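have a look; sequence and predicted model below, questions after that.
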Amino acid sequence: MLRCTNCGKRPRKISWSRHKKGSSGASEWPLRAQISKRLQKPNLHVFKGNKYCTKCLRIAKSSFKPVKKEEVTPVAA
């Protein structure tokens, strides 16, 4: 399943062309680039058993920072 567990980002179809539209002067059509649909996939990473997109991964890693244990010094009474 290609979906972020935090925000739900998933693959989507976008309009895509190989090069920019040209201008020939007479009309626009002779040098027009073909526009097709392509699938844009999110950049997913696995962290702690869950899949996160890049944006949510930064948030997840900052909340899972390990807690440093403080050294306990004996108190002389």
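Cool, got the structure. All figures in this text were calculated on a predicted structure; none of them were measured in a lab. Numbering: from 1, shown residues only.

pLDDT weak spots in this protein?
In the predicted model of the chain, residues 20-32, 67, 72, 77 satisfy pLDDT under 70.

rerun at 90
For the chain, applying pLDDT under 90 flags the ranges 1-2, 15-36, 63-77.

tell me where it has helices.
In the chain, the segments counted as helices under DSSP state H are 54-63.

and the strands in it?
With DSSP state E, the ranges of strands along the chain come out as 12-17, 35-40, 44-47, 50-53.

can you tell me which of those is nearest to R3?
strand 50-53 (7.1 Å; C-beta to C-beta). No exception for glycine: its C-beta is placed from N, CA and C like everyone else's.

enumerate the positions of that closest one that are buried.
Buried positions in strand 50-53, judged by neighbour count with 16 or more other C-beta atoms under 10 Å: K51, Y52, C53.

what sits against the last one?
If I follow you right, that is C53. C4, N6, C7, K9, P42, N43, L44, H45 (C-beta atoms under 8 Å, 6 or more residues apart in numbering).

and the last one, what are its bridge partners?
I take that to be H45. Following DSSP bridges, H45 is listed with bridge partners Y52.

what's the closest of the buried residues of strand 50-53 to T73?
T73 has its nearest neighbour among those in Y52, at 39.6 Å by C-beta to C-beta.

that closest one reaches R3, doesn't it?
No - using C-beta atoms under 8 Å, Y52 is not in contact with R3; the gap is 10.5 Å.

for M1, give its distance to Y52.
Distance of M1 to Y52, given as C-beta to C-beta, to the nearest Å: 13 Å.

quick revisit: closest to S15 out of the buried residues of strand 50-53?
Nearest to S15 among the buried residues of strand 50-53: C53, at 21.7 Å, using C-beta to C-beta.

so what's the residue nearest to that closest one when sequence neighbours are not counted up against?
Spatially, and ignoring its direct neighbours in sequence, C53 is nearest to C4 (4.2 Å; C-beta to C-beta, 6 or more residues apart in numbering). Contact analysis of C4 by C-beta under 8 Å, 6+ apart lists R10, P42, L44, K51, Y52, C53, C56.
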